[in-house]
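Asks: compute the structure for the input listed below.
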Amino acid sequence: HSVLADAEGTPLGLTLGPANRHDSKLAEATLDAVPPVSGGRRGRPRRRPKKLHADKAYRGRPVRQALRKRGITPRIARPSIDSSKRLGRHRWVVERTLAWMARFRRLVV
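Replies: I've put the predicted structure just below:
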């Protein structure tokens, strides 16, 4: 599973892929799986988030370019510079979302 969740853990986009595929390869498909978000404002609804927090596995240039192409500011931890403890404030939300989904067996299978 590759999940894009908001700050409260609500899944916005989900992509299923093979178990031996790296998560960064599914990043673009997961971003494209996000439906329009209605914020109660007039005009065209925003389709994607403004910024994206990701761990060090997504630090590659193709992922950053895909995010910038879609107008999303990447907040990706840098190896040997950023501590994984700072990113942990945001990462646990996605881990909790995956745990919630694992409780629903039909979604897992």
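Asks: distance of residue 63 relative to residue 95?
Replies: Per CB to CB, to the nearest Å, residue 63 is found 19 Å from residue 95. Where you see a C-beta, it was placed from the backbone N, CA and C, and this is true even at glycine.
Asks: neighbour-wise, which of those two wins?
Replies: In this comparison of residue 63 against residue 95, neighbours counted by other CB atoms under 10 Å, the higher total goes to residue 63 at 21 against 13.
Asks: give the contact list for the more buried one.
Replies: By CB atoms under 8 Å, 6 or more residues apart in numbering, residue 63 lies in contact with 24, 27, 28, 54, 74, 76.
Asks: so how far is whichever strand or helix holds it from its chain's centroid?
Replies: Here residue 63 is covered by helix 61-69, with elements defined by DSSP states H and E. Averaging C-alpha coordinates over helix 61-69 and over its chain gives two centres that are 13 Å apart (CA atoms, centre = their mean, to the nearest Å).
Asks: how about it: buried residues?
Replies: Of all the residues in helix 61-69, those buried under the rule 16 or more other CB atoms under 10 Å are 63, 64, 66, 67.
Asks: most widely separated two among these?
Replies: In terms of CB to CB, the buried residues of helix 61-69 reach their longest pairwise distance at 64 and 66, which sit 7.3 Å apart.
Asks: strands of this structure, start to end?
Replies: In chain order, the chain shows strands spanning 2-5, 11-15, 51-54, 73-76, with DSSP state E as the criterion.
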